[in-house]
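1. give me a 3D structure for the following:
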Amino acid sequence: MHIRQPIPPAVVAGIVSMLDTYIPDISPTSFVGALRGYRSEELPSAHSLRSLSVRQVAERLSISPRTVWNLIARGQLRKIRLGCRLVRIPLEDVEALEALAC
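-> Reported below is the predicted structural model:
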């Protein structure tokens, strides 16, 4: 990863103060050093991060959103809760369900 522009000190300080609860030994210098040493190949592939909304899954499978919720309740689809009203279903689960249907 290449940092294109210097990160403003106020931004670094804000990030470090937020992370301090989770990483007590963090300092602005160690944070910037970690960013510089980070390698993008450590990230999971973009395909593995993809997810769909309940409506998108319903449209893709030609079923109703209620049926998608029933599949989640039965454990046939996993849900990722991103907020109190925001739910996503991993694409790999939808593809696995499609493969079973064929």
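2. residue 93: neighbouring residues, count only.
-> Using other C-beta atoms under 10 Å, residue 93 has 19 neighbouring residues. Quick note: C-beta positions are derived from backbone N, CA and C, even for glycine.
3. let's have the chain start at 16 instead
-> Yep, numbering from 16; the last one is residue 108 now.
4. wait, doesn't it sit right on residue 94?
-> No. The pair residue 108 / residue 94 is not scored as a contact, 9.1 Å apart, by C-beta atoms under 8 Å.
5. what are the boundaries of the strands in this structure?
-> All strands of the chain, identified by DSSP state E, fall at 66-67, 95-96, 102-105.
6. could you export those as a markdown table, including mean pLDDT and mean neighbour count?
-> Formatted as a markdown table, the strands of the chain follow (pLDDT from 0 to 100; neighbours: other C-beta atoms under 10 Å):
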| stretch | mean pLDDT | mean neighbour count |
| --- | --- | --- |
| strand 66-67 | 92 | 18 |
| strand 95-96 | 88 | 10 |
| strand 102-105 | 92 | 18 |
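7. between these, which one is nearest to residue 87?
-> Ranking the strands of the chain by proximity to residue 87 (C-beta to C-beta) places strand 102-105 first, at 7.3 Å.
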